[in-house]
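Student: Fold the following.
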Amino acid sequence: MKKAQLGWWLLGTVEILIAVVGGVLMWQKMDAAPQKAAVKVTATKKVATSRDLKKKNSSREATTASQSTTNKLTATNIGPRTLALAITYYASHHFDQIGAHTWQSMYQAYLTNPGTIIVSNAHVDELKRPGTGVAYYAAFQGGDKDVESDMLGGYPCYTLENNQMVNIYQPQSNPRKSITVSVNQIVQYANQTNQAKKISQLGQQMTIKNLRKDFGANHISIKEFYEEPMMTKVIMYYGIHHDTDKNWQALSQLIKDGTVFKATPDRGTSIIGYNGNSSSCMIAYDPQNSMVGKPDLFVFGHETVDQDFASDTVDGDDVGVPAETLLKYVNDNGGRTAVANIQVKDDSDAIGSKVME
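Tutor: Residues are numbered from 1 along each chain as shown. Alright, predicted model coming up:
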């Protein structure tokens, strides 16, 4: 009996020990599991941080590249206003400072007060390379007020070709000096001199005024004006309507009578018409002075009894009338139609008793 009780007691003790050992092992296993998970989380966090750093570096490089790109101009996507300012900048470094309105002075003005580019077909026939048939005149802000004046031809200008070539003209030079360069050359010059960003920003503030006109068949061009007999016709028409001297006023009746006048190709002082008395109408040609921006001037006057030239007051002064003013007045009053009845021939063809000597 005692042996049996001892056996049961030993068996119970062993079971208790097994239970205790098993519990300890289970607790150690449960306690170790979270530590492994924590290690995994920490490792995952370290990998994510490394990737973030790579992304930040990549983003920084992309931003730098983007800024570098925006600070450059390209020939393929430059707009007309920015191109106008880029051309002005290029010309200001490749032309001499000649005339009242130079490329240099226009660019300096645009830096503080972006100006107006006037698109016009006026004076295009004077240009060696008219491009697409219109000229782009660099004028001051609101410069469209000068379009109807006789000085538009005194502003610097450029023409464009269909193959992305630009013809840039020097103002106030006769004949006008010019250079032809590509849009790409102009853009690269701005980029190389680190002016692209400034030109891009200010170019957006430029204004372009499209003031092309359909002149019609009666329009007399400036080129045609400088050829006889048109020059004499235009001068006579203008003088009759602006010079109050009796000699000029007498021309109206002579024209109505069908008098044939001699052309006066001499660019000095010439007799325009003779009224049958001891005096006659005269015109003195005062050529342009490109250094001070003065255009060709025509001084109206008459011949005195002593055969001297006496200037008349025309349009409020006696300093002369610009060629463009003469031509504009005639064109505004019919152009070819206005001077159609004024008969002018050169010396060899002027025949008959009514030819003015």
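
Student: shaky segments in the stretch 1-150 of the chain?
Tutor: Applying pLDDT under 70 to the stretch 1-150 of the chain picks out residues 1-70, 142-150.

Student: can you do 90?
Tutor: 1-71, 76-77, 96-102, 113-115, 120-130, 132-134, 139-150 (pLDDT under 90).

Student: again, but for the stretch 201-350 of the chain
Tutor: Using pLDDT under 90, the flagged stretches of the stretch 201-350 of the chain are 209-229, 231-232, 245-297, 301-310, 315-320, 322-325, 327-328, 331-333, 343-350.

Student: how about the strands in it?
Tutor: Counting by DSSP state E, counting those that start in this stretch, the segments of the stretch 201-350 of the chain that form strands are 207-210, 260-262, 269-274, 280-286, 297-303, 309-311, 321-322, 343-345.

Student: Reformat those strands as JSON lines; add distance to N162.
Tutor: For glycine as for every other residue, the C-beta is placed from the backbone atoms N, C-alpha and C. As requested, these are arranged in JSON lines below (distance: least, C-beta to C-beta, whole Å):
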{"stretch": "strand 207-210", "distance to N162": "18"}
{"stretch": "strand 260-262", "distance to N162": "45"}
{"stretch": "strand 269-274", "distance to N162": "44"}
{"stretch": "strand 280-286", "distance to N162": "39"}
{"stretch": "strand 297-303", "distance to N162": "38"}
{"stretch": "strand 309-311", "distance to N162": "49"}
{"stretch": "strand 321-322", "distance to N162": "33"}
{"stretch": "strand 343-345", "distance to N162": "40"}
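
Student: so which of the ones you listed comes closest to T180?
Tutor: strand 207-210 (21.7 Å; C-beta to C-beta).

Student: Summarise which helices and strands the closest one is packed against.
Tutor: Applying 3 or more C-beta pairs under 8 Å, 6 or more residues apart in numbering; DSSP states H and E, one finds that strand 207-210 contacts helix 80-92, strand 116-120.

Student: Quick check: M106 touching P156?
Tutor: Yes: M106 is in contact with P156 according to C-beta atoms under 8 Å; the separation is 6.2 Å.

Student: The two - which one has more neighbours?
Tutor: P156 (28 against 23; other C-beta atoms under 10 Å).

Student: gap between D125 and T180?
Tutor: D125 sits 18 Å away from T180, taking C-beta to C-beta, to the nearest Å as the criterion.

Student: Neighbour count: the two, which is higher?
Tutor: A count of neighbours by other C-beta under 10 Å puts T180 above the other of D125 and T180, at 15 against 12.

Student: on that earlier part again, out of the helices and strands packed on strand 207-210, deepest packed?
Tutor: helix 80-92 (a mean of 23; mean count of other C-beta atoms under 10 Å).

Student: Could you list the residues in contact with the helix or strand following it?
Tutor: On the C-terminal side of helix 80-92, the closest following helix or strand by DSSP states H and E is helix 103-112. By C-beta atoms under 8 Å, 6 or more residues apart in numbering, the surrounding residues in contact with helix 103-112 are 85, 88-89, 91-92, 95, 97, 115, 138-140, 155-156, 170-171, 202, 206.

Student: For my notes, please list the helices and strands packed on strand 207-210 in JSON lines and give distance to Y226 for each entry.
Tutor: As requested, the helices and strands packed on strand 207-210 are exported to JSON lines (distance: least, C-beta to C-beta, whole Å):
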{"stretch": "helix 80-92", "distance to Y226": "26"}
{"stretch": "strand 116-120", "distance to Y226": "20"}
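
Student: Minimum distance to Q192: which of the ones you listed has it?
Tutor: helix 80-92 (11.1 Å).

Student: so what secondary structure elements neighbour the closest one?
Tutor: Helix 80-92 is packed against helix 103-112, strand 135-139, strand 165-169, helix 183-192, helix 196-203, strand 207-210, with contacts defined by 3+ C-beta pairs under 8 Å, 6+ apart.
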